[in-house]
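Chemist: A predicted structure for the sequence below; I have some questions about it.
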Amino acid sequence: MSPKNRSERPYLARLAIVLSLPVALTIYAIAFYITVDDLDPTSRVYPQILITVMLLVLASLVWTEVRDWYRASSHATLGQTWQRWHRTVLTAAWTAVFIWAIELMGFYEALVIYMIVLMPMLGVRRPWAIAAYTAGTAIGLYLLFDLTLRVRMPDGLLIG
Amino acid sequence: MEDILAGAEVLFQTGPLLWLVVGILIGFVAGAIPGVGSANAAALLLPFAIGLPTESSLILIGGLYAGCLFAAAIPAILINAPGEPGSAATALDGYPMAQEGKAERAIGIARMASAAGGIIAGTIVLFVMGPLSKVALQFGAVEIFVVALFGLMVISVVIGDSMRKGLIAAAIGLLIASMSANPLTGQPRFTMGFVELYGDVPFVPAVIGIFGVAQMLIIATQNSVGQQILAATHERGRNAMARFVGAMREAGGGILQTLRYPVTIVRSAVIGLLIGVIPGMGTSTANFVSYGVAKQYSRKPDNYGKGEPEGIIASEASDNAVASGTLIPTLALGIPGSATAAIVLAALYLQGIQPGPKLMATESPLVYALILAAILASILIVPIGMALAAPLAIVTRVKPQYLVPAVLLCCIVGTYSVRNSIFDVGLLLVFGILSFVMQRLGYPIVPLVLGLVLGPIAEENLLRAMQLGNNEVSYFFQSGIAQALWVGLVLTIGFSVVRAFRKSREARAQAATAEANADAATSQKPENS
């Protein structure tokens, strides 16, 4: 199937996904390079050489990736990609919120809310299963870490 | 011989032996769950392991590695989903055997082959490690820098499907590792104001994030960790005890059947050992190479892929042998031979021990204790595996909805416990997301880990060598060892480039043939209708 006969949106969505990491790396590398430019040569030479080599290899890779994307015969839509990976994205985002909430509320308080939201997100529908698993996890972690291994999990600023 | 006895004295005490058994048991559980694997399990265990005495922590991780390598064969045999890449070839004959109702026999064969491969390879390493490490003592700043570069380059170009992606992954690891204070001047670089980054980038959150968190993010999308378990094992007897005894009898038959293939066992163990010595080749390469060689020399090559026991033996013997082989570059040269070996390396650093050429001189009993532990773990696999293999199969039925939250919480708590720092936990998630994105886009993650581990070593020795040589490039080519290493580096990269071009040309030829066949089929259609 030639590129002209395809719908544009999945076509471009796939390109955006493929180039996301190279673009992010390029921005990171350039920011790093500029930041260290006013340091002592002993401090900056090593990372600057690495960045230069990486950008050259990255440019070559991007060329190949764009060429392969152009020749590929089918592409998943953004909707299909989201359907496949939405649990992962939501799990990562919610875990980030949990980490932020640990300092705010305390570990165990934040854990309860984390589990109550995460498990239905992953597909657990039965409330009793969620409650039992959450309670069991909290108790298990407390027994193992706080009591046995003496690792005190943080109390929060608001609670604890 | 005295060093070996000193190592035995370190190992054969209550504490280390107990932790070895605990490590094997944890490894059995981790290895039986597809997607978790030894690297992830070792990364999760690392924060707790470093709280133990040095020898116990390393032996714990070593036992876990051995347990994982064997247990990974269980899901490969039962549900055609290897728990580790090193058991992928085991599934080729193990799964067909299970479908014929001989799953316990296949597990018994895998267990004995794994044990035999580990014992043979470990024994060889025991006698080779000393001489090799004497050579390693002649390594100075230049040689260590070139070895680090060699290790990184080899891994970057060998692992994964794309050499450029491997190099980029390694560069990312090296760059992230340099986001800290310069080792000579102390000037912070791109730390973004975070005081926690002034020292080296913390290993524990990086390693746990790259393996554990990323794997859980991948598994979160699945409805089951592997395929649904088929009723692959026959129900022998009505009660559980009768079934258990029947399973043990079948497994014992598998063990005895393995001993009928001594040549295959020894050959596969040597292949695994040699491949394990090369940083980055790893178990996934060893088991397929060994399988291929066994098929080539077999009297019944057509039986391979249909439940041939020799196929399982070749794969599993080499798989466990690789673990012993990776100890040589990891301990003697400070270059991890595999992802799990990278975690062993991290554990050594966290215990304040510098692996590398001088390790044999300063910590010889510890090194030999670790090698002896690898051999003992291979022996213990047989009885422990007999008892646990059947119940462990249940672990493969754990649904992601329950597995993911539990493992993520363990990652978070484990990371926090190292420095009591929420920043480390945040870093854990960042590395997990980075690793997930890299894996989904086809970038290998082992070079990333090695870049983080070897980056500080490479930079420090590069700067030291430049100071010693008054910034003259010729200083890097003066010693015989350095010259040999540079030649090896160039040859390795050269062969990899040639291989990559050949692979790309073959792929293009196959694509052209497939297109031509498709066109021919399309043009014939109007005649037939």
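Modeler: All right, it came through fine. Residues are numbered from 1 along each chain as shown, chains lettered A, B, ... in the order given.
Chemist: centroid residue for chain A?
Modeler: Central residue of chain A (C-alpha atoms, centre = their mean): residue A:92, 5.8 Å from the mean position.
Chemist: Give me the helices and strands touching the one helix or strand it maps to, please.
Modeler: Assessed by DSSP states H and E, residue A:92 sits inside helix A:78-105. Packing partners of helix A:78-105 (3 or more C-beta pairs under 8 Å, 6 or more residues apart in numbering or on different chains; DSSP states H and E): helix A:8-36, helix A:107-122, helix B:214-219, helix B:400-419, helix B:422-440. C-beta: built from backbone N, CA, C; applies to glycine.
Chemist: Name the residues of the longest one that are buried.
Modeler: Meaning helix A:8-36. A:10-11, A:13-14, A:17-19, A:21-22, A:25-26, A:28-29, A:32-33, A:35-36 (16 or more other C-beta atoms under 10 Å in any protein chain shown).
Chemist: Can you say which of the residues you listed are also within reach of chain B?
Modeler: By C-beta under 8 Å from any C-beta of the partner chain, the members of the buried residues of helix A:8-36 lying near chain B are A:17, A:18, A:21, A:25, A:28, A:29, A:32, A:35, A:36.
Chemist: out of those residues, who's nearest residue B:422?
Modeler: The closest of those to residue B:422 turns out to be residue A:28 (C-beta to C-beta; 23.2 Å).
Chemist: contacting residues around that closest one?
Modeler: Counting by C-beta atoms under 8 Å, 6 or more residues apart in numbering or on different chains, residue A:28 makes contact with residue B:175.
Chemist: now swap in residue B:286 and tell me
Modeler: Residue B:286 makes contact with B:86, B:271, B:272, B:275, B:276, B:318, B:319, B:321, B:322, according to C-beta under 8 Å, 6+ apart.
Chemist: Model confidence for the first one, exactly?
Modeler: Same thing as residue B:86. The score at residue B:86 is 71. That number is its pLDDT.
Chemist: can you count the residues close to it?
Modeler: 32 (other C-beta atoms under 10 Å in any protein chain shown).
Chemist: can I assume it is in contact with residue B:319?
Modeler: Yes - counting by C-beta atoms under 8 Å, residue B:86 touches residue B:319, with 4.2 Å between them.
Chemist: Would you mark the buried spots in the helix holding residue A:92?
Modeler: Neighbour-count burial for helix A:78-105 flags A:85, A:87-88, A:91-92, A:94-95, A:98-99, A:101-103, A:105 (criterion: 16+ other C-beta under 10 Å).
Chemist: mind listing the helices in the stretch 51-200 of chain B by residue range?
Modeler: Ranges of helices within the stretch 51-200 of chain B are B:54-71, B:73-79, B:88-99, B:103-136, B:141-158, B:163-177, based on DSSP state H, counting those that start in this stretch.
Chemist: what separates the fourth one from the chain centre, distance-wise?
Modeler: Which is helix B:103-136. 15 Å (C-alpha atoms, centre = their mean, to the nearest Å).
Chemist: The first one now?
Modeler: Distance of helix B:54-71 from the chain centroid (C-alpha atoms, centre = their mean) equals 12 Å.
Chemist: The last one now?
Modeler: Taking C-alpha atoms, centre = their mean, the mean C-alpha location of helix B:163-177 is offset from the chain mean by 19 Å.
Chemist: what helices or strands is it leaning on?
Modeler: helix A:8-36, helix A:41-71, helix B:141-158, helix B:422-440, helix B:446-468, helix B:480-528.
Chemist: how about the third one against chain A, any contact?
Modeler: Yep, that's helix B:141-158 we're talking about. No - judged by C-beta under 8 Å from any C-beta, helix B:141-158 stays clear of chain A, getting no closer than 10.0 Å.
Chemist: Apart from its neighbours in sequence, what residue is nearest the residue in the stretch 251-400 of chain B that chain A sits nearest to?
Modeler: Residue nearest to chain A within the stretch 251-400 of chain B: residue B:400 (6.5 Å; C-beta to the nearest C-beta). For residue B:400, ignoring the flanking residues on the chain, the nearest one in space by C-beta to C-beta, 6 or more residues apart in numbering or on different chains is residue B:219 at 4.8 Å.
Chemist: about what we covered before: of the helices and strands packed on helix A:78-105, give the one that comes closest to residue B:54.
Modeler: helix B:400-419 (16.3 Å).
Chemist: Low-confidence bits of chain A, can you list those?
Modeler: Applying pLDDT under 70 to chain A picks out residues A:1-11, A:73-78, A:148-149, A:158-160.
Chemist: Now with 90, please.
Modeler: A:1-20, A:36-46, A:63-87, A:103-105, A:121-125, A:140-160 (pLDDT under 90).
Chemist: which of the residues in the helix or strand residue A:134 falls within are buried?
Modeler: Using DSSP H and E, residue A:134 maps to helix A:127-141. Judged by neighbour count using 16+ other C-beta under 10 Å, the buried positions of helix A:127-141 are A:130, A:133, A:134, A:137, A:138, A:141.
Chemist: restrict those residues to those near chain B?
Modeler: A:133, A:137, A:141.
Chemist: Test my guess that the first one contacts residue B:403.
Modeler: No - here residue A:133 lies out of contact with residue B:403, judged by C-beta under 8 Å, at a distance of 11.2 Å.
Chemist: what sits against residue B:122?
Modeler: Here residue B:122 is in contact with B:324, B:371, B:372, B:374, B:375, B:378 (C-beta under 8 Å, 6+ apart).
Chemist: Ok, residue B:344 next?
Modeler: Contacts of residue B:344 (C-beta under 8 Å, 6+ apart): B:42, B:58, B:61, B:62, B:65, B:330, B:336.
Chemist: ok, back up a step: for ChimeraX, write the select line for the buried members of the contacts of residue B:122.
Modeler: Selection command for ChimeraX covering only the buried members of those, criterion 16+ other C-beta under 10 Å:
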select /B:324,371,372,374,375,378
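Chemist: Which of the contacts of residue B:122 scores worst on pLDDT?
Modeler: residue B:324 (83).
Chemist: who touches that residue in this structure?
Modeler: Residue B:324 is in contact with B:118, B:121, B:122, B:124, B:125, B:273, B:276, B:371, B:374, B:375, counting by C-beta under 8 Å, 6+ apart.
Chemist: Looking at those residues, which one is closest to residue A:54?
Modeler: Nearest member of the contacts of residue B:324 to residue A:54, counting by C-beta to C-beta, is residue B:276, at 29.2 Å.
Chemist: Any idea how many residues pack against residue B:384?
Modeler: 20.
Chemist: How about the contacts made by the closest residue to it other than its chain neighbours?
Modeler: Among residues not flanking residue B:384 along the chain, residue B:24 sits closest, at 5.9 Å (C-beta to C-beta, 6+ apart). Residues in contact with residue B:24 (C-beta under 8 Å, 6+ apart) are B:63, B:64, B:66, B:67, B:377, B:380, B:381, B:384.
Chemist: With distance to residue B:445 and pLDDT added, can I get the residues you listed in CSV?
Modeler: Listed next are those as CSV, based on distance: C-beta to C-beta, whole Å; pLDDT from 0 to 100:
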residue, distance to residue B:445, pLDDT
B:63, 24, 88
B:64, 19, 88
B:66, 23, 85
B:67, 22, 85
B:377, 26, 88
B:380, 30, 88
B:381, 28, 83
B:384, 30, 78
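Chemist: top of those residues by neighbour count?
Modeler: Greatest neighbour count in the contacts of residue B:24, by other C-beta under 10 Å, goes to residue B:66: 33 neighbours.
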